[in-house]
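> Compute the structure for the input listed below.
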Amino acid sequence: MPEGKIIKALSGFYYVLDGDQVIQCRGRGVFRKNKVTPLVGDDVVYQADNDKEGYILEIKDRFNELVRPPISNVDQAVLVFSAKEPTFSTSLLDRFLVLVEAGDIRPIICITKMDLVDDDALKEQIHQYAEDYRNIGYSVYLTSMKSGRGIEDIIPHFQDKITVFAGQSGVGKSSLLNAISPDLELKTAGISAHLGRGKHTTRHVELIDINGGLVADTPGFSSLEFAGIEAEDLGQTFLEIGEKSAECKFRGCLHIKEPNCAVKRAVENGEIAQYRYNHYVEFLTEIKDRKPRY
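Residues are numbered from 1 along each chain as shown. The predicted structure is shown next:
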C-alpha cells in the first residue's frame, strides 16, 4: 500500500503528498468511530483508485501533536515576536517556549520589525534579550522586513523538517513567510489601532514546501494554557533551570523555598536571568492553581 504525508486538511478532504504528487483523500469511517482525526503532518497509508481520489487507511504513530493549530510530527517552531507594535514581551515568549519544549519541538526565536525601532535604549534592550536567549542555547534572529536583513539566515533551518510559525497576532508571521517565499502570497492584516493587536489572517493549516522542508503558516497557538504540564516538569522546559536543578540538594526541588537550591543560587549570581526565574515562578503558580478536570 502507498504511503504519504497529509499536507492539507480542508472541508473533510485530506491532501496526501506522496513523492511529487498530491492525492485528495477522505478518512475512513473507522477513524470517526474511534474518535481519531487525521491531522496535517500525519504519515499515512492510503489507497487510491486513481491519482486524484483515495482513502486514508492507517495513521502512523505521531511523535507529537498540537491542538491549536491542529498539526502533528512537528520538528521545530519559529516563534515570531516583534520588537514593537505589538511590544516585545519576554513573558509571552517564555510561555511559548514552555509549550514547544514540552512538546519536544525545537524553538527558533525570530524578532521582527527591527526597522521600526528608532529608540536606542529599546534597541539595546532587544539586543540584550537576544543575547540572553542565545546564551541559554536558542537560535535567535533579528529581522527587518524593509531591508530583508536576517530573513535569509532562517531559511537553511527548514531543510528536511516540519516547521510551524507561531507567535502573537500582528507580529508579522505571514509577512515573514511571504518574504521567505514570495509566491505564497499569504494574506496579511495590519494592527487594529483599537485593540493594539493583529487580526488573524490564516484560516486553515497547510504545509508548504520551502527549501526542502515543509512549513505551516498557522494562526499561532490560540490557547497558551499549560494543560498537561505538571509542576515537577516545568523546570525542564526552562533549559537553564533544568540544567542547574541537577545540583540542587533535594530531588524534585521546585526552586521556591527549598534549602540549598542551585537554581536560586544561580539567579543570585546572575547565571540565570532574574526575569526568566520570575516567569518560572509565575507559571508554576498558574499550574498549581489550575482547576482539576474530570
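
> Just checking, which helix or strand of the chain averages the lowest pLDDT?
Scoring the helices and strands of the chain by mean pLDDT, DSSP states H and E places strand 191-192 at the bottom, with a mean of 36.

> And for residue 126, the neighbour number?
Residues within reach of residue 126, counting by other Cβ atoms under 10 Å, total 19. Any C-beta I mention is one placed from the backbone N, CA and C, and that applies to glycine too.

> Would you confirm that it contacts residue 116?
No - contact criterion Cβ atoms under 8 Å: residue 126 and residue 116 do not qualify, at 11.0 Å.

> Touching both of those two, which residues are there?
Common neighbours of residue 126 and residue 116, counting by Cβ atoms under 8 Å, 6 or more residues apart in numbering, are residue 83.

> buried set for stretch 286-294?
The neighbour-count check on stretch 286-294 (16 or more other Cβ atoms under 10 Å) flags residue 287 as buried.

> and residue 15, what does it touch?
Residues in contact with residue 15 (Cβ under 8 Å, 6+ apart) are 6, 7, 8, 9, 22, 23, 24, 25.

> Most neighbours among those residues, which one?
Most neighbours among these, by other Cβ under 10 Å: residue 6, with 26 neighbours.

> so it touches residue 45, yeah?
No - applying Cβ under 8 Å, one finds residue 6 not in contact with residue 45, separated by 11.7 Å.

> Need the overlap of contacts for these two.
Listed contacts common to residue 6 and residue 45 are residue 56; contacts here mean Cβ under 8 Å, 6+ apart.

> What segments of the chain are helices?
Assigned helices in the chain, in chain order: 29-33, 90-102, 120-136, 151-154, 173-180, 231-237, 239-244, 262-268, 274-289 (criterion: DSSP state H).

> and of the ones you listed, who's closest to residue 215?
Proximity to residue 215 (Cβ to Cβ) singles out helix 173-180 among the helices of the chain, at 7.1 Å.

> Tell me how far the closest one lies from the chain's centre.
Taking the mean of its C-alpha atoms, helix 173-180 sits 15 Å from the chain's own mean (Cα atoms, centre = their mean, to the nearest Å).

> What is that helix packed up against?
Using 3 or more Cβ pairs under 8 Å, 6 or more residues apart in numbering; DSSP states H and E as the contact test, the elements touching helix 173-180 are strand 76-82, strand 106-112, helix 151-154, strand 162-166, strand 213-217.

> Parallel or antiparallel, list what pairs with the fourth one.
For strand 162-166, the paired strands and their directions (DSSP bridges) read strand 76-82 (parallel), strand 213-217 (parallel).

> closest one to residue 289 among those strands?
When the strands paired with strand 162-166 are compared (using Cβ to Cβ), the closest one is strand 76-82, at 25.5 Å.

> CA atoms only for the closest one - export them in PDB, please.
Only the C-alpha atoms of strand 76-82 are listed here, as PDB (Å, rounded to 0.1, in the frame of the first residue of the first chain):
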ATOM      1  CA  GLN A  76      10.500  22.900  15.100                       C
ATOM      2  CA  ALA A  77       8.700  26.200  15.700                       C
ATOM      3  CA  VAL A  78       9.700  29.600  14.600                       C
ATOM      4  CA  LEU A  79       8.500  31.800  17.400                       C
ATOM      5  CA  VAL A  80       7.900  35.200  15.800                       C
ATOM      6  CA  PHE A  81       7.800  38.200  18.100                       C
ATOM      7  CA  SER A  82       8.000  41.900  17.100                       C
END
